[in-house]
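S.K.: The sequence and its predicted three-dimensional model are supplied below.
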Amino acid sequence: MNKILIIAKRELSTFFDSLIAYILLIVFLGFSGFFTWLYGSDVFLSGQASIQPFFSIAYWTLFFFIPALTMKMFAEEKNTGTIELLLTKAVTDWDIIFGKFFACLALVGIAIAFSLPWYLTVWWLGPVDHGAVWCGYLGLLLMSSTYIGIGLFTSSITNSQIVAFLLSLLIGVFFLIIFQVLANSVSGILATIFDYLSISNHFESISRGVLDSKNIFYFLSITAVCLIATEAILSRRKIME
Amino acid sequence: MNIRVNNLTKRYGTQKAVDNISFEVKSGEILGFLGPNGAGKTTTMKIITCFMAPSEGDVLMGEYSILSDANLLKKRIGYLPENNPLYVDMPVIEYLAFSASIQGVPKAQVKGRIREMVRLCGLDKEKHKNIGELSKGYRQRVGLAQAMIHNPDVLILDEPTTGLDPNQIVEIRELIKELGKEKTVIFSTHILPEVEATCNRVIIINDGKIVADGAPSDLRKQASGAEVSRLKIEDGNPDDILQKLRSLENIALVDYNGHTFTIETKKGETSRRQVFYLCVENNWVLTELSPIERDLEEVFRNVTMG
């Protein structure tokens, strides 16, 4: 646990030292803020004291935002060779994976936390369904961990950050759109499977305030599968053939 | 901690990078790991440091095996990988603190260890800079510092002196020698004088196999079967000199290049005295008589080119 914390702290401070953190915070908050308050079906247009618009926007901004964070996690270390240094320290592969995972989650958490004043503003404007808001925030965090899992996995299979970025967008698109489309175009058991795999249903029900353990399980299980796959990739070097 | 490498083999596909090598290094020994590029030095080191698993064989340190006790061993190994990879966006001090805490140095000792490493590796002037801003020589020192920060029993250094200037090389060698007094050190290089200057033992590896193993002086002796000397003789007719040298009974070969003579004595004998008396007899002036020592370089070429 201690080692995970040390690695996460280093990763997080690298984000802030290299300006990545600031740029992504500004971009994330700028985009989400613009669409939540000023453009399209924003808060004023809907005429309800709800920050539902923010959740639907964040759903998309995080989709681009997170692969940009995770792409360097393993790809850069493999490219520069520092992964060898890290893996020969007194840490396990899981310490490294969880360290990087929590560093990304912490940065996303910080970004999302900066949107809390919007919640307070809406609250000031009218009566808010507090439960739904907190559920929405929880949903964002759960969805973020899924994206981070996917991102860490794609970063672990290549030396190139761009490839990692594009691959995780590609996998992300499947969960975000393509599974949904497939579910609508086939029938029977396949439709049920694709429907289950699609993120949107699960996220929507959480962000509406329905806290169902099935949805939580969905996000956590995809995250777990991705992290286990990452570990499998990392530990290939230790197989005696 | 003693290191015992037992029948280590590593295959990449069908190619054997390391082919059934075994050797032992004792505590307090500095082992020079020598070989042409691609001989399997780095692969062997990566296996010893628990970075990757061997295809066959095992490495034991003390009573621990890299196969089953990697997590325990990693704490006691300091490793400087080839090309010295570092987090270039971190300041030196922060990086050392990170290395120390991740290697399990108790919090109370971290500061002291960093101070010690900064002093030992001469990093004082550069300690607040980002690693990316440092010259290659200083980066190498940071690499050494991070390898030693947790005071490991075993130090594995993969080409620690590449890219350093001659002064720095001497400094690093002195440092390795100093450390080698109480630790087990394995370092790889393809610079031969380096081995002579630092190691008490050399292993030469070629195509994944050990082709020579011993003290540098032993290896040199092995290679130099016969005494070879270079002579410069003045005040005489070269043809005459050549002929008379050839007539000396313990000389096997004489060669003249228009300038100096090279003589090879028969195995196990010496001919220097005879050469001297020959010159005195004939009133020649012997202006140079220098033994040509076969150096490690020749040993190296002999065993790796064969």
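M.R.: Great, that's in hand. Residues are numbered from 1 along each chain as shown, chains lettered A, B, ... in the order given.

S.K.: contacts and neighbour counts: CA atoms only from here.
M.R.: Will do.

S.K.: Let me see the backbone angles for the residue of the stretch 201-306 of chain B found nearest chain A.
M.R.: Per CA to the nearest CA, residue B:208 is where the stretch 201-306 of chain B lies closest to chain A, at 17.6 Å. In terms of degrees, to the nearest 10, the main-chain angles of residue B:208 are phi 80, psi 0.

S.K.: ok, what's across the strand from the residue lying closest to it once chain neighbours are set aside?
M.R.: Nearest non-adjacent residue to residue B:208, counting by CA to CA, 6 or more residues apart in numbering or on different chains: residue B:18, 3.9 Å away. Judged by DSSP bridges, the bridge partners of residue B:18 are residue B:10.

S.K.: Distance of residue B:18 relative to residue A:109?
M.R.: For residue B:18, the distance to residue A:109 equals 47 Å [CA to CA, to the nearest Å].

S.K.: In terms of neighbours, single out the busier of these two.
M.R.: Neighbour count, other CA atoms under 10 Å in any protein chain shown: between residue B:18 and residue A:109, residue B:18 has more, with 27 against 16.

S.K.: Distance check, that one against residue A:7.
M.R.: 33 Å.

S.K.: With residue B:283 instead?
M.R.: 80 Å.

S.K.: Compare those two (neighbour count), which wins?
M.R.: More neighbours surround residue A:7 than the other of residue B:283 and residue A:7, with 25 against 12 (other CA under 10 Å).

S.K.: related to what we said a few turns ago, list the contacts of the residue nearest to residue B:208.
M.R.: Taking CA atoms under 8 Å, 6 or more residues apart in numbering or on different chains as the criterion, residue B:18 is in contact with B:8, B:9, B:10, B:11, B:39, B:40, B:43, B:44, B:207, B:208, B:209.

S.K.: Lowest-scoring secondary structure element of chain A by mean pLDDT?
M.R.: The least trusted helix or strand in chain A, going by mean pLDDT, DSSP states H and E, turns out to be helix A:43-46, with a mean of 68.

S.K.: low pLDDT regions in chain A?
M.R.: Applying pLDDT under 70 to chain A picks out residues A:1, A:40-43, A:45-47, A:49, A:241.

S.K.: Walking through it, point out its strands one by one.
M.R.: Per DSSP state E, chain A carries no strands over any range.

S.K.: Spell out which parts of it neighbour chain B.
M.R.: Residues of chain A lying close to chain B by CA under 8 Å from any CA of the partner chain are A:3, A:6-7, A:10, A:14, A:17-18, A:80-82, A:84-85, A:87-92, A:237-241.

S.K.: My read is that residue A:67 contacts residue A:153, right?
M.R.: No. Look at residue A:67 against residue A:153 with CA atoms under 8 Å: they stay out of range, at 10.6 Å.

S.K.: Return whichever strand or helix holds residue B:302 as CSV; C-alpha atoms alone will do.
M.R.: Assigned by DSSP states H and E, residue B:302 belongs to helix B:296-305. Output in CSV follows, covering the C-alpha atoms of helix B:296-305 (Å, rounded to 0.1, in the frame of the first residue of the first chain):
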residue,chain,number,x,y,z
LEU,B,296,44.1,-8.1,-22.3
GLU,B,297,43.1,-6.7,-25.6
GLU,B,298,44.8,-9.5,-27.3
VAL,B,299,43.3,-12.0,-24.9
PHE,B,300,40.0,-10.5,-25.8
ARG,B,301,40.5,-10.7,-29.5
ASN,B,302,41.9,-14.3,-29.3
VAL,B,303,38.9,-15.6,-27.3
THR,B,304,36.2,-13.8,-29.0
MET,B,305,37.3,-14.0,-32.7
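
S.K.: In it, which residues are buried?
M.R.: Buried residues in helix B:296-305, defined by neighbour count with 16 or more other CA atoms under 10 Å in any protein chain shown: B:296, B:299, B:300, B:303, B:304.

S.K.: Excluding chain neighbours, what is closest to the third one?
M.R.: With sequence-adjacent residues excluded and distances taken as CA to CA, 6+ apart, residue B:300 is closest to residue B:204, at 7.4 Å.

S.K.: re the thing from before, could I get the average pLDDT for the helix holding residue B:302?
M.R.: The average pLDDT for helix B:296-305 rounds to 71.

S.K.: other SSEs contacting that helix?
M.R.: Counting contacts by 3 or more CA pairs under 8 Å, 6 or more residues apart in numbering or on different chains; DSSP states H and E, helix B:296-305 packs against helix B:192-198, strand B:201-206, strand B:209-214, helix B:216-223.

S.K.: Packing partners of the longest helix anywhere in chain A?
M.R.: Counting by DSSP state H, the longest helix found in chain A is helix A:52-80. Judged by 3+ CA pairs under 8 Å, 6+ apart, helix A:52-80 is in contact with helix A:20-33, helix A:82-87, helix A:93-113, helix A:130-156, helix A:161-173.

S.K.: got a list of contacts for stretch A:156-168?
M.R.: Against stretch A:156-168 from outside (CA under 8 Å, 6+ apart): A:67-68, A:70-76, A:78-79, A:147, A:150-151, A:154-155, A:230, A:233-234.

S.K.: In CSV, list the C-alpha atoms belonging to that stretch.
M.R.: C-alpha atoms of stretch A:156-168 as CSV (Å, rounded to 0.1, in the frame of the first residue of the first chain):
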residue,chain,number,x,y,z
SER,A,156,1.3,-1.1,-21.7
ILE,A,157,1.2,-2.8,-25.1
THR,A,158,3.1,-0.2,-27.1
ASN,A,159,6.2,2.1,-26.9
SER,A,160,4.4,4.9,-28.6
GLN,A,161,2.2,7.3,-26.8
ILE,A,162,0.2,8.3,-29.9
VAL,A,163,-0.6,4.6,-30.6
ALA,A,164,-1.6,4.2,-27.0
PHE,A,165,-3.8,7.3,-27.2
LEU,A,166,-5.5,6.3,-30.4
LEU,A,167,-6.0,2.7,-29.3
SER,A,168,-7.7,3.7,-26.1
